[in-house]
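**Q** I would like to see how this sequence folds:
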Amino acid sequence: MPTRRKSTAKRKASASGKAKKTTRKKSARPAAGQGLEALARKIVGATLNPSKFKMHEFYTPDCESMEANGQVDHGYDGLEKKLERWEQMQKGVRWTARHVLTGKNVVCIEWDAEVTLNDGRTAKLVEVAVHEIKGGKIVRERYYYNPMALMPPQN
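**A** Sure, this is the predicted structure:
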């Protein structure tokens, strides 16, 4: 008995999965890209308004943060010490996010800043921050900028 062949249109529809209607539950979690974009917006918002910054919401307990001068801080205690050093160095800063990019597991932000240092000088700082994400939080970050921009002038 000869086998019957499906029409060309039906074969193509069947191969592409369009002919068969399936029902899938929608996930409560956003797609990875959407989650990273939301996290990027939170990072920018907390940088512009530090009262929104809650370390435990942004970082994993075993996080690592590396500054352009090579100094690496680990965990929440390390981040606290890093923030204290930053606060001791300057009187105020105005940040502007120029570009915000997200990848598979990374948020990259290009910043322009005007930093008022404790000695009264105002320094322009261009920085690129690379935040590696795991489980919706920063597990590792690196900051790229010219550290000389924050140094006292040479006499």
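
**Q** for this protein, what spans make up the helices?
**A** Per DSSP state H, the chain carries helices over the ranges 8-16, 32-48, 55-58, 75-89.

**Q** Would you mind giving these as TSV with distance to residue 104 and mean pLDDT added?
**A** (Glycine included, C-beta is placed from N, CA and C.) Formatted as TSV, the helices of the chain follow (distance: least, C-beta to C-beta, whole Å; pLDDT from 0 to 100):
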stretch	distance to residue 104	mean pLDDT
helix 8-16	27	46
helix 32-48	7	89
helix 55-58	19	96
helix 75-89	24	96
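
**Q** so of the ones you listed, which one's packed in deepest?
**A** helix 32-48 (a mean of 16; mean count of other C-beta atoms under 10 Å).

**Q** returning to that earlier point: do you know which of the helices of the chain lies nearest residue 108?
**A** Of all these, it is helix 32-48 that lies closest to residue 108, at 8.6 Å by C-beta to C-beta.

**Q** number of nearby residues for residue 138?
**A** Per other C-beta atoms under 10 Å, the neighbour tally for residue 138 reads 21.

**Q** Tell me how far it lies from residue 132.
**A** 7 Å (C-beta to C-beta, to the nearest Å).

**Q** ok, now residue 44?
**A** Applying C-beta to C-beta, the value for residue 44 to residue 132 is 17 Å.

**Q** Show the contacting residues for the nearest residue to residue 62 once chain neighbours are set aside.
**A** Excluding the flanking residues, the one nearest residue 62 by C-beta to C-beta, 6 or more residues apart in numbering is residue 75, at 6.1 Å. By C-beta atoms under 8 Å, 6 or more residues apart in numbering, the contact list for residue 75 reads 61-63.
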